[in-house]
Each structure stands twice: as structure tokens, then as C-alpha cells.
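> sequence below, structure please.
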Amino acid sequence: MSGTTTAAARCRREAGAGANRWVVLVVLCVSLLLVALDATVLHVAVPAVTEDLRPGAIELLWIVDVYPLVCASLLILFGTLGDRIGRRRVLLLGYALFGVASGIAAFSGNAQLLIGARALLGVGGAMIMPATLSILRDVFPDRRERALAIGIWSAVAAVGAAVGPLLGGFLLEHFWWGSVFLVNIPLMLVSLPVGRLLLPESHGDRDGPWDVAGALMAAAGLFGLVLGVKRLGGGEAPLGPLTLGSLLVGAVLMTAFVRRQRRRAHPLVDLRMFARPAFSTSVGCIVLAMLALVGLELIAAQYLQLVLGLSPLQTGLRLLPLTVAAMAAGLAGAKLLRRFGPRAMVCFGFCLTAAAVVTLTAMGGNDKAGLLLFGFVLLGFGLETTLFGAYESMLSEAPQAQSGGAAAIGETSYQLGAGIGIALLGSVMNAAYAPGLSSVPGVPAADSAAAGHSLGEAYQIADRLGGASGGALRHAARDSFVHGLHVTLLVSAGLLLLGAVMALRLPRVMECGTPATDTGTVPVPATEAGDIPAPGTTGFPARAGVPAEVRASAAGPAGVPAQATAPLAFPAPAKGAVGIPAPGADPGDIPSPRDVPGTAETRVSA
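Numbering: from 1, shown residues only. A predicted model of the protein is given here:
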């Protein structure tokens, strides 16, 4: 038993320090893939769920929305809890909960049980998402390698979001609707033991008690804000009691949370991170990018199906180039970031995405497949370039001890930006669409008003009316929808250009200081001499220019970072090199320049 435990611990230590860190990345990407799949796979199963369980309108809304609602609300709670009790521990608990909840959801016999299971899936997702990013931050202390790892991580997220509906459609053609949840269980059964064996444990700052009241306050406040934003996005009246009440309660609780954190000696989230321009700007860029594009993507899907008459499968295939371009941008992100720096990369991503959005204003009532392909490729590449640069800058700027909280802040900003974008761009779309149906010849005023709610409802009313008036209403609705789409695209382009201006506050060059450790991380314990790899093996470059005596004397007691009596200057890596640690330094041995005053940094620029 003890031998097995020792071997497992040794594997985990080596995973963060040697070539096995890329195996750790694979495990983390599988985790992300599951969460991304579950966020979209249910969309195509809604008709089958409705036919089988017969949920009411409100119940159906909760079946779809409870997962992202709960997940977004608990990100800060579980992100900071991982910093406190161990990120690997929280991740493995999230795996287990995700698998159990998937089984419950698959065999739910009524809508209430399915809603509860989806809520549990949201809890599991909130445990998994920030843990993957914070462990990635810990396993890849060298920023150049971390940038490459984040690129792969983000490409997997794009794959999950795109594959979800396609996988769901395939399963529904051969099995019942519960199969879209059962697919999670085998992956969880593999991820749990593999993660326990390979993933290294790490902690953040554990000084002082964990702020339980603050964590619950943040969860309740985010729940209210996200619920209110989702109701606005669903077309609810802004001054409705539930919508307005949710927003007010959420805003009050989050304000109280911020004030509480500023007063505490050991805050749950160190709000001083927002005083760093790179961190606060990166968070703002994530919010603005999602605000400008998520609502637009939903409107584009409606355009493809309702205006061009494509099937759901054809719509998914038309949107697939967007996902492929996003994957390519994620994989190329590390090289682009080193070559151009965060400021130019994020600005370029925003401008490219704005250009794609303006290009798509040429869409009309007829199918222009080439134009759509070109526009979606630009859109996917530009969006992923923006998000990659923003996420990498945010995570690298945060102290390592706060990486769980920083990852949770990034994911929360993503969710809030998406929700606000759906509400904002949906409102713009409705404001531009509805007036075109106010005076259609031969259509009663009540029917015109109802048709102004959505294009789908307008088609239903047109079919019921029939004849010339029905045809006139259908034609007017299509034209009004295309006009509304053009207006929404232009508003989105304006928001994206605003994001490009905001990104000018990011650093001009990628600051590649020596890998960071602090008192919040778990150092790799000392091993026997036979366990230490020779220079140049297992992913470590040879320590050129550093005498053996210096290397031998640099090691301090366990848990204490090694200190050098004089700073060593390390040359920048050769142009185009990807994932090369700084020569002369083991990842994790030397503190970050931000955390230790007077330590020199190496800047990599074009």
C-alpha cells in the first residue's frame, strides 16, 4: 500500500517537473472537453426531452439554463476553495460529482429530477473549470510553454462547443435522449484514476481562515446577476419584478462582497490584482469579446435556419469553419504572442473580428456560401486570437498563489459577457426587427404585434393566415430580420473596436521572466540522486554557463525557494522557438520578478 502511494506521489511530482507535464495537459483538456460538451450537447435533445418528460414552459427553460447559471455562480467559490484545500482535490471531486450527476440526468423520470441533475452538473463544472486553468498555471511555470499549453487548452474548448450538438444529434438518431449524458460517465471513470495518479497537487495562500461568508455572498450575488441577465436575454421586461429583483439583489451582494474583501487581512480574492493594468484590461477584453459575439452567433444560427432554410445539421456544418479557425488560432497563439506581444495580438484579434462582422453585413435573403465561409473563418480566428491573448495575459499577471481565484474571475467574466451580450444584442435585434412588421397589408394589428416577437413566430402566424396576407407577412418578416441582423452586426463591430482601444493598455511585449514560485505553491520534494535527470534530458535544456558549484549550492531546504547571491542574466530564446524554458533555471525554482523585488526579467519581443 505504502509503496503504491509513494509511487503515485512520485509520478505526480515528476508530472509537473518533467516531460509528463504534457500528459497532465492531456488530462486537463479531457476535463475541459467534458464541460464544453455538456454546455451545448443538450440543445439538440430539447425536443426529445419535451416529448418524453412533458415539462412546462418554465421547467423547460430551467432544464436548459440551470447548468450555466449554477456553474457561473459557483466559479469564484470553488476557484478560491481550490487555492485553499488543493486544486487537484477539488478537480477530482468535480470529476466524481460530474459523473454521478450525468447518471442521474440520463435516467431522470421527470422534469424536476432532470433540473436537479443539471444543477449538480453545474456544480461539477464549476469545480472543474477554474481547477484546470490553475493547475495548468502551476504545471507550466515558464510563460512560453504555458502560452502553448493555453493555446491547446482553448482549442479543445472550441472543439467541445462545436462537437456537442453534432454528437448529440448522432446519439439521438441511435439512442434515447439520456444517452447525451451517459457519454460523460466512461470519460469520468478514466479521468478519476488517471488524474489521481498524474496530476500534481498545489495550493495557494493558506494564511488565515477561508472566508466562508464571502464565498457564499459571491455565489448568491453572481446567481442573482446571471439570472437577471439571462431573463433579459430571454426577452423578459427589464422592470419585471423577478428580473429587476434578481439584478438588484445580485448587485447589492457583489458590492458587499467587494467591500468585505477589501477590509479583510486575508481576502478570498485579492482585489489588488485589478490594480495591475494587464490583469484588469484582460478581464475587460474577455467580457467585451463575449458581449459582442455570443448573441451574434445565436442570431446567425437563426438566420441560417429561418432565412436560408437550412436544417440543424446543415447549420452546424456551416458554422464548423468558425470552430476550425478558432482551433488554428489557439494552436498558433503561443507563437503569435511571442512574436507580436499581448497588446498587438489582442488588438489585432479585435480588429480582425470586427472586419469579419462588417463583411457579414453583405448577407441577405439569398444564400452566399462563399461569403459566409470567409466571414466565419475570419470570425473564428479573430475571436480565438483575442480570447487567447486575454486569458494568457490575465493568468500570467496573477500571483501564482491566487491562480485559482484568477481563473475563476476569467471564467466568470466569460459567462457574464456572454449573458449580457445575448441580452444587449437581442434587444438591438428586436428594436430593429419589430417596426418593419407594424403595417403589413392585410394583417390584423394583433397578429402584426405578435409577429414582431420573433421570426419563428412570424412564420407560424403567416402559415395560419395563408393567402396573400400570409405571404406578405412572411416576406416582410424575412426582410425585417435581415435588416435587424445588419444593424446588430454594426453594433457588434463598434463594441469590438472599443475592445481594440481597451487592449492598448496591455503590455507591448510578452514578459518572460523566470518561472514563478511563491509560498503558495507546493515545491517538488527532493529526490534521490538517481532520480535527477541529466542536463538536456526529459525536456530540460543543458545549463550552459552555470558552474556546477552554483547549481549544487542553489538548492535550499524543502519548501524554501532557492536564492542566488547575484542575479544571473539569461539570454532570450531563439526567434520562433516554442516552449523552451529559460536556460539555467528549473521551472519552479526561481521566483517571479513580480513577486520578488529587484529580480531581473527577460523580455521577448519581435
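
> how many neighbours does the closest residue to residue 427 other than its chain neighbours have?
Counting by CB to CB, 6 or more residues apart in numbering, residue 232 is the residue found nearest to residue 427 once chain neighbours are left out, at 7.6 Å. The way it works is simple: take the backbone N, C-alpha and C, and place the C-beta from them, glycine included. Neighbours of residue 232 under the rule other CB atoms under 10 Å: 23.

> what residues are up against residue 232?
By CB atoms under 8 Å, 6 or more residues apart in numbering, the contact set of residue 232 is 238, 243, 423, 427.

> let's go with 7 Å and repeat that
By CB atoms under 7 Å, 6 or more residues apart in numbering, the contact set of residue 232 is 238, 243, 423.

> please identify the buried residues of the host helix or strand of it?
Residue 232 is part of helix 212-233, with elements assigned from DSSP states H and E. Buried residues in helix 212-233, counting neighbours by 16 or more other CB atoms under 10 Å, are found at 214-215, 217-233.

> so residue 238 sits in a helix?
No - per DSSP: H, G, I helix; E, B strand; the rest coil, residue 238 lies outside any helix segment and is coil.

> with adjacent residues omitted, what lies nearest to it?
residue 232 (6.2 Å).

> and residue 279, by the same measure?
Nearest to residue 279 is residue 397, by CB to CB, 6+ apart, at 4.3 Å.

> roughly how far does that neighbour sit from residue 280?
9 Å (CB to CB, to the nearest Å).

> looking at these two, which is more packed in?
For residue 397 versus residue 280, neighbours defined as other CB under 10 Å are more numerous around residue 397 (21 against 16).

> where exactly do the strands run in this protein?
Here the chain has its strands, by DSSP state E, at 510-511, 603-604.

> looking at these, which has the lowest confidence?
Mean pLDDT values for the strands of the chain show the minimum at strand 603-604, a mean of 34.

> the residue most central in space within the chain and residue 242, how far apart?
Nearest to the mean C-alpha position of the chain, by CA atoms, centre = their mean, lies residue 411 at 5.2 Å. Counting by CB to CB, the gap from residue 411 to residue 242 is 25 Å.

> what is the lengthiest helix in the chain packed up against?
In the chain, with assignment by DSSP state H, the single longest helix is helix 312-359. Judged by 3 or more CB pairs under 7 Å, 6 or more residues apart in numbering; DSSP states H and E, helix 312-359 is in contact with helix 143-174, helix 369-397, helix 467-502, strand 510-511.

> could you check the angle that helix makes with helix 143-174?
Taking axes from the mean of the first three to the mean of the last three CA atoms, to 10 degrees, helix 312-359 and helix 143-174 form an angle of 140 degrees between their directions.

> can you list the domain ranges for this protein.
Domain segmentation of the chain under automatic domain parsing yields 1-200, 275-514.

> turn the ones you listed into TSV, columns for distance to residue 258.
As requested, the domains of the chain are exported to TSV (distance: least, CB to CB, whole Å):
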stretch	distance to residue 258
domain 1-200	12
domain 275-514	12
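
> which of the ones you listed has the lowest mean pLDDT?
domain 1-200 (a mean of 78).

> any idea how far that one is from the chain center?
12 Å (CA atoms, centre = their mean, to the nearest Å).

> re the thing from before, of the domains of the chain, which is nearest residue 268?
domain 1-200 (5.0 Å; CB to CB).

> how near is the closest residue to residue 468 other than its chain neighbours to residue 218?
Spatial nearest neighbour of residue 468, chain neighbours left out: residue 442 (6.3 Å); criterion: CB to CB, 6+ apart. As judged by CB to CB, residue 442 and residue 218 stand 55 Å apart.

> and residue 155, by the same measure?
30 Å.

> also residue 211?
Distance from residue 211 to residue 218, counting by CB to CB: 9 Å.

> ok, now residue 443?
49 Å.

> cool, and residue 107?
The spacing between residue 107 and residue 218, counted by CB to CB, is 33 Å.

> equivalent analysis for residue 270, please.
Separation of residue 270 from residue 218 (CB to CB): 14 Å.

> swap in residue 361?
Using CB to CB, one gets 40 Å for the distance from residue 361 to residue 218.

> need the pLDDT of the residue nearest to residue 242 when sequence neighbours are not counted.
Leaving out its chain neighbours, the residue that sits closest to residue 242 by CB to CB, 6+ apart is residue 231, at 6.7 Å. With respect to pLDDT, residue 231 has a value of 75.

> so what's residue 231 up against?
242, 243, 246.

> tally of neighbours for the first one?
Number of residues near residue 242 (other CB under 10 Å) recorded here: 12.

> who touches stretch 305-317?
Contacts of stretch 305-317 (CB under 7 Å, 6+ apart): 44, 165-166, 169, 301, 304, 318, 365, 367, 455-456, 459, 478, 481-482.

> mind running it again at 8 Å?
Residues contacting stretch 305-317 (CB under 8 Å, 6+ apart): 44, 162, 165-166, 169, 301, 304, 318, 365, 367, 455-456, 459, 478, 481-482.

> same deal with stretch 370-378?
Against stretch 370-378 from outside (CB under 8 Å, 6+ apart): 318-319, 321-322, 324-325, 352-353, 355-357, 359-360, 362-363.

> mind listing what's buried in it?
Within stretch 370-378, the residues that count as buried by 16+ other CB under 10 Å are 372, 374, 375, 376, 377, 378.

> quick one: which of those is nearest to residue 187?
Using CB to CB, residue 376 comes nearest to residue 187 of these, at 29.0 Å.

> gap between residue 463 and residue 437?
Separation of residue 463 from residue 437 (CB to CB): 15 Å.

> just give me the neighbour total for residue 60.
Number of residues near residue 60 (other CB under 10 Å) recorded here: 17.

> cool, residue 54 as well?
Residue 54 has 11 neighbouring residues, counting by other CB under 10 Å.

> quick one, phi psi at it?
The phi/psi pair for residue 54 (degrees, to the nearest 10) reads phi 50, psi 50.

> in space, what's closest to it - neighbours in sequence excluded?
Closest residue to residue 54 apart from its sequence neighbours, by CB to CB, 6+ apart: residue 111 at 7.7 Å.
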